[in-house]
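A.B. asks: test case, fold it:
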Amino acid sequence: MSGTPGFVRTSQAWYGAIALGPCAERVCIAMYGAQQPRRGELVVEWRALDERPELRVSQDGWDLLARDFSGLLRHMVRLDSPVNPDEFCAMLLRLGFADRTIERKPANVEALPRLR
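C.D. replies: Predicted structure coming up:
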């Protein structure tokens, strides 16, 4: 799977208000390519902004987890205290990840389905 690494910060996305659920913040990391759809993602969640972030990997994210994110891992290991979402996203940008967050609702989207 080729592509470029990117992330979406859920709280800043146009759909963020209903997508966060019990989380204070969520950052989704994926590989984005022009020729193929995104497959798999790593999710970093903060249940409360003063807590440590948690890494979640779903079934289709294992391939992505096996990629060389050694720069990100080295930075995370060096931290003495929990990283907050602003710091984490700034770190991703410094490491060459693209911010793929869409902040404005696309014109062709009428509404999101209601959550039950």
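
A.B. asks: and the residue most central in space within the chain, what does it touch?
C.D. replies: For the chain, the residue nearest the mean C-alpha position is Cys28 (1.8 Å; Cα atoms, centre = their mean). By Cβ atoms under 8 Å, 6 or more residues apart in numbering, the contact list for Cys28 reads Phe7, Val8, Thr10, Glu41, Leu42, Val43, Val44. The way it works is simple: take the backbone N, C-alpha and C, and place the C-beta from them, glycine included.

A.B. asks: now it: which helix or strand?
C.D. replies: strand 25-32 (DSSP states H and E).

A.B. asks: following that strand, which helix or strand comes up?
C.D. replies: Defined by DSSP H and E, the subsequent element after strand 25-32 is strand 42-46.

A.B. asks: mind listing what's buried in the strand holding Cys28?
C.D. replies: Across strand 25-32, burial judged by 16 or more other Cβ atoms under 10 Å covers Glu25, Arg26, Val27, Cys28, Ile29, Ala30, Met31.

A.B. asks: ok, now which ones touch the third one?
C.D. replies: Contacts for Val27 (Cβ under 8 Å, 6+ apart) come out as Phe7, Val8, Arg9, Thr10, Val43, Val44, Glu45, Pro85, Phe88, Cys89, Leu92.

A.B. asks: pLDDT score for the closest residue to the third one other than its chain neighbours?
C.D. replies: Leaving out its chain neighbours, the residue that sits closest to Arg9 by Cβ to Cβ, 6 or more residues apart in numbering is Thr101, at 5.0 Å. Model confidence at Thr101, expressed as pLDDT, equals 95.
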